[in-house]
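Participant: Got a sequence here, can you model it:
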Amino acid sequence: MQRTAPEKVLIIACGMLAREILAVKAANGLDHLELTCLPAEYHFRPNQIAPGIDAAISKAKAEGWKNILVGYADCGTGGMLDAVCEKHGVQRLAGPHCFAFYQGIEAFAQVADSDITAFYFTDFLCRQFESFFIKPLGLDQHPELARDFFGNYEKLVYLAQTDDPALEKVAQDAAAMLGLAYEKRFTGYGDLPRALVSAATPATRP
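Facilitator: Sure, this is the predicted structure:
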């Protein structure tokens with residue numbers, strides 16, 4: 001078998017995954033992957049994900065892209081993203097959300113029930129804690145409201161992609177501020193590398 005040069009693959013991803021996707025790309029020599037992202041803020045507005053991806057795929061195809069991977073799990077779209085993917089004949093990342101594929105889909109299934117009251121953090125959310133949580137919720141002006149917003153949670157689980165003490169300190173401080181128990185799970189990139197390598201596997205010919 002003779003291996004041909006791999007075709008370019010466009011990943012249309014959640015902005016929350018940009019740094020991690022680029023890290024996996026660099027670590028695995030996946031130079032033929034190209035990345036474009038929708039706004040990370042769609043994490044809080046899942047109703048915008050499916051139409052955003054629909055428009056992004058249509059644009060990419062008009063530009064000549066043939067190989068496209070959607071860098072989202074279902075992410076709260078209730079199957080709407082799957083409908084868009086089926087419409088365009090493309091695949092997405094497996095699982096209900098990024099917190100699942102970071103842990104590994106099978107591993108997540110084992111803890112899903114016990115984590116029902118867990119508030120998940122990732123490296124991204126540690127880096128963006130102020131802009132994603134504190135300021136939008138007005139907690140910089142009224143920190144006493146934190147217990148009201150997060151009262152249904154019992155623990156903060158930091159799913160760490162990297163071993164960064166500064167990020168862990170943010171997660172620990174957030175747990176304390178929100179009145180939640182703290183747990184760290186070092187996940188690395190979970191199922192993400194396998195998904196990207198699979199999407200970027202070169203074609204072969206006799």
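
Participant: Can you find the helix or strand of this protein with the lowest average pLDDT?
Facilitator: Lowest on mean pLDDT, DSSP states H and E among the helices and strands of the chain sits strand 204-205, with a mean of 40.

Participant: so where's the chain uncertain?
Facilitator: 1-5, 201-206 (pLDDT under 70).

Participant: How about Thr36: what's its closest non-neighbour residue?
Facilitator: Ile12 (5.6 Å; CB to CB, 6 or more residues apart in numbering). C-beta: built from backbone N, CA, C; applies to glycine.

Participant: just checking, that neighbour touches Tyr42?
Facilitator: No: with contact defined as CB atoms under 8 Å, Ile12 does not count as touching Tyr42 (11.9 Å).

Participant: who are the neighbours in contact with the residue nearest to Thr36?
Facilitator: 36-38, 53, 56-57, 60, 68-71 (CB atoms under 8 Å, 6 or more residues apart in numbering).

Participant: how about it, secondary structure?
Facilitator: Look at Ile12: counting by DSSP: H, G, I helix; E, B strand; the rest coil, its state is strand.

Participant: So what sits opposite it in the bridge?
Facilitator: Beta-bridge partners for Ile12, by DSSP bridges, are Thr36, Val70.

Participant: Quickly note the distance from it to Lys135.
Facilitator: 28 Å (CB to CB, to the nearest Å).

Participant: and what of Gln172?
Facilitator: Gln172 is 20 Å from Lys135, by CB to CB.

Participant: tell me the phi and psi of the residue nearest in space to the middle of the chain?
Facilitator: Taking CA atoms, centre = their mean, the centroid of the chain lies closest to Cys98, which sits 4.0 Å from it. Per-residue torsions, Cys98: phi -70, psi -30 (degrees, to the nearest 10).

Participant: That one and Ile105: what is the separation?
Facilitator: In terms of CB to CB, Cys98 sits 11 Å off from Ile105.

Participant: Likewise for Met80?
Facilitator: Met80 sits 20 Å away from Ile105, going by CB to CB.
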